[in-house]
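Q: Sequence and predicted structure are below.
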Amino acid sequence: MHVTPIDPAHGKSLYEQVADRVQGLIAEGTLQPGDRLPSVRKLHEQLSVSISTVLEAYRVLEDRGLIQARPQSGYYVRHTALIEPEEPESSAPDTVDNSLAYQVMQAMRDPKVVQLGAAVPHTDLLPLATLNRLIGHVLRYKSAEAHADSVPPGSEALRHEVARRLMDAGCSVTPDQIVITNGAFEAVYLSLRAVTRPGDTVAIESPTYFDFFEAFELLHLNALELPANPQDGVSLTHLEQALQAQQITACLLVPNFSNPLGSCMSDAKKKQLAAMLARYEVPLIEDDVFGDLHFKGARPKAVKAFDRQDNILYCSSVSKTVSPGLRIGWAVARRYQSQVERFKWVINQTTAMTPQLALAAFLVNGGYDRHLRHLRR
């Protein structure tokens, strides 16, 4: 393999140019996963650069996850090498066609259609055998409780486990501050009902989850779309301008791994966001449904962790991690607890007890943590 010489007058450093050149060969398919890269000495001769420049370039490619060193053998293209696309700039809000959401829902009925319209894992990745066993155990040994009618806020055992797990997100809540819902979307819907009235305007990041617009339409709410950055989410500058102009009644955001940008706010920005909204007395509905799916390190904190005035309604579920079919979510409403419970009762009275009890058992025995480690890998 021959590599064309490096242009010393180029704006980038020599080792970055070498790294980019080799990365280009990987992207084009000239170098395939498993292929051995030119030796350091050979690339040094071909490009007329120093050996240290080539070594630094290969180090950069290792950091990018594209190549790996094998002792006494050289450098090889990784089998999992992925060339990331260029990161988009901050978004510019655009008009959303609400009819598309219904089209997606119709397409999901077709078993031949690959489901890219919903952010859920394939069933092969879910702990189905364990869940089925736990559901069977509930029906056999807790049948009276499983078949009994219940009222909001839901199973005390499940609320206890949810409260315990929320400590990982930096939140300190008690079980009686949690309302069990039919998934996170119902939690968001009930929270919107609790803090808005028809005609109000809600600030959201753009782009955002398309079904939020369906909720706005049903509740006769207006959306104020704010630009968002793929790295750290919604623009706080634009949000504060809207707050100063008294344009909004509430905010609805996905601070951890938003869909579709995937952005994750830093703790500093989350703290700033919580303080800003408290100052203007505008509530935040936080959808943290993806928070447990971090790739490495500690779980990112929720914005709720920085809430000092009960100004944030926290919503989440296990639909993205354990089972979308269980339809188990929750809302931490605190100041708005009575409103959320009332609306929950009026809309569908309760959430089925059997999946609540099975999920509580799954959470209490450590199965959830083991499953998450597997799912992250």
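A: Structure received.
Q: Now do the helices in the stretch 51-200 of the chain.
A: With helices called from DSSP state H, counting those that start in this stretch, the stretch 51-200 of the chain shows them at 51-63, 99-107, 128-141, 143-147, 156-165, 183-195.
Q: right, so of the ones you listed, which gets closest to residue 244?
A: Residue 244 lies closest to helix 183-195 among the helices of the stretch 51-200 of the chain, at 19.7 Å (Cβ to Cβ). For glycine as for every other residue, the C-beta is placed from the backbone atoms N, C-alpha and C.
Q: Next, the buried residues of that closest one.
A: Under the neighbour-count criterion of 16 or more other Cβ atoms under 10 Å, helix 183-195 has 183-195 buried.
Q: Closest one of those to residue 330?
A: The nearest member of the buried residues of helix 183-195 to residue 330, counting by Cβ to Cβ, is residue 187 at 6.1 Å.
Q: so the closest one touches residue 178, yeah?
A: No: between residue 187 and residue 178 there is no contact, the gap being 10.0 Å when judged by Cβ atoms under 8 Å.
Q: Return every residue with contacts to both of these two.
A: Jointly contacting residue 187 and residue 178 under the rule Cβ atoms under 8 Å, 6 or more residues apart in numbering are 330, 331.
Q: Burial-wise, tell me which of the helices of the stretch 51-200 of the chain comes out on top.
A: Among the helices of the stretch 51-200 of the chain, ranked by average contacts under mean count of other Cβ atoms under 10 Å, first place goes to helix 183-195 (a mean of 24).
Q: Quick check: mean pLDDT of that helix?
A: Taken as a whole, helix 183-195 carries a mean pLDDT of 97.
Q: Show the subsequent helix or strand relative to that helix.
A: Next along the chain after helix 183-195, taking DSSP states H and E as the criterion, comes strand 201-206.
Q: Which of the helices of the stretch 51-200 of the chain has the lowest mean pLDDT?
A: Among the helices of the stretch 51-200 of the chain, helix 99-107 has the lowest mean pLDDT, at a mean of 75.
Q: Dump it to PDB, restricted to CA.
A: Coordinates of the C-alpha atoms in helix 99-107 are reproduced here as PDB (Å, rounded to 0.1, in the frame of the first residue of the first chain):
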ATOM      1  CA  SER A  99     -49.300  13.500  10.900                       C
ATOM      2  CA  LEU A 100     -46.000  11.700  10.600                       C
ATOM      3  CA  ALA A 101     -46.300  10.300  14.200                       C
ATOM      4  CA  TYR A 102     -49.500   8.600  13.300                       C
ATOM      5  CA  GLN A 103     -47.900   7.100  10.100                       C
ATOM      6  CA  VAL A 104     -45.100   5.700  12.300                       C
ATOM      7  CA  MET A 105     -47.700   4.200  14.700                       C
ATOM      8  CA  GLN A 106     -49.400   2.500  11.700                       C
ATOM      9  CA  ALA A 107     -46.200   1.200  10.400                       C
END
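Q: by contact count, what packs against that helix?
A: helix 211-219 (3 or more Cβ pairs under 8 Å, 6 or more residues apart in numbering; DSSP states H and E).
Q: if we compare the helices of the stretch 51-200 of the chain, which one ends up closest to residue 43?
A: Closest to residue 43 of the helices of the stretch 51-200 of the chain is helix 51-63 (Cβ to Cβ; 4.8 Å).
Q: Can you report how many residues lie near residue 69?
A: With neighbours defined by other Cβ atoms under 10 Å, the count for residue 69 comes to 12.
Q: Pipe the buried residues of helix 183-195 into CSV and attach distance to residue 108 per row.
A: Converted to CSV, the buried residues of helix 183-195 look like this (distance: Cβ to Cβ, whole Å):
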residue, distance to residue 108
183, 15
184, 17
185, 14
186, 18
187, 21
188, 19
189, 19
190, 23
191, 25
192, 23
193, 25
194, 29
195, 30
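Q: Out of the residues you listed, flag the one nearest to residue 46.
A: residue 184 (54.5 Å).
Q: Tell me the spacing between that closest one and residue 248.
A: 22 Å (Cβ to Cβ, to the nearest Å).
Q: so what's residue 238 up against?
A: 226, 227.
Q: do that again at 10 Å, thanks
A: Counting by Cβ atoms under 10 Å, 6 or more residues apart in numbering, residue 238 touches 90, 93, 203, 205, 224, 225, 226, 227, 228.
Q: Buried only: go through those residues for me.
A: Judged by 16+ other Cβ under 10 Å, buried ones among the contacts of residue 238: 93, 203, 205, 224, 225, 226, 227, 228.
Q: and which of the contacts of residue 238 is nearest to residue 136?
A: Distances from residue 136 to the contacts of residue 238, taken as Cβ to Cβ, are shortest for residue 205 (41.8 Å).
Q: quick one: strands adjacent to the lengthiest strand in the chain?
A: The longest strand of the chain (DSSP state E) is strand 222-229. With DSSP bridges as the test, strand 222-229 is paired with strand 201-206 (parallel), strand 233-234 (antiparallel).
Q: what angle separates the longest one from helix 183-195?
A: Interaxial angle of strand 201-206 relative to helix 183-195 (axes from the mean of the first three to the mean of the last three Cα atoms, to 10 degrees): 150 degrees.
Q: In this structure, where is pLDDT below threshold?
A: Scanning the chain for pLDDT under 70 picks out the ranges 1-11, 80-85, 88, 92, 94-99, 117-118.
Q: how does it divide into domains?
A: Structural domains assigned to the chain are 14-77, 124-376, following the TED database.
Q: Nearest to residue 319 among the strands paired with strand 222-229 would be which one?
A: Judged by Cβ to Cβ, the one of those that comes nearest to residue 319 is strand 201-206, at 20.1 Å.
Q: export that closest one as PDB, just CAs?
A: Presented in PDB, the C-alpha positions along strand 201-206 are these (Å, rounded to 0.1, in the frame of the first residue of the first chain):
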ATOM      1  CA  THR A 201     -46.500  27.600  25.700                       C
ATOM      2  CA  VAL A 202     -44.000  25.000  26.600                       C
ATOM      3  CA  ALA A 203     -40.300  25.300  25.800                       C
ATOM      4  CA  ILE A 204     -38.600  22.300  24.200                       C
ATOM      5  CA  GLU A 205     -35.300  21.500  22.600                       C
ATOM      6  CA  SER A 206     -35.300  21.100  18.800                       C
END
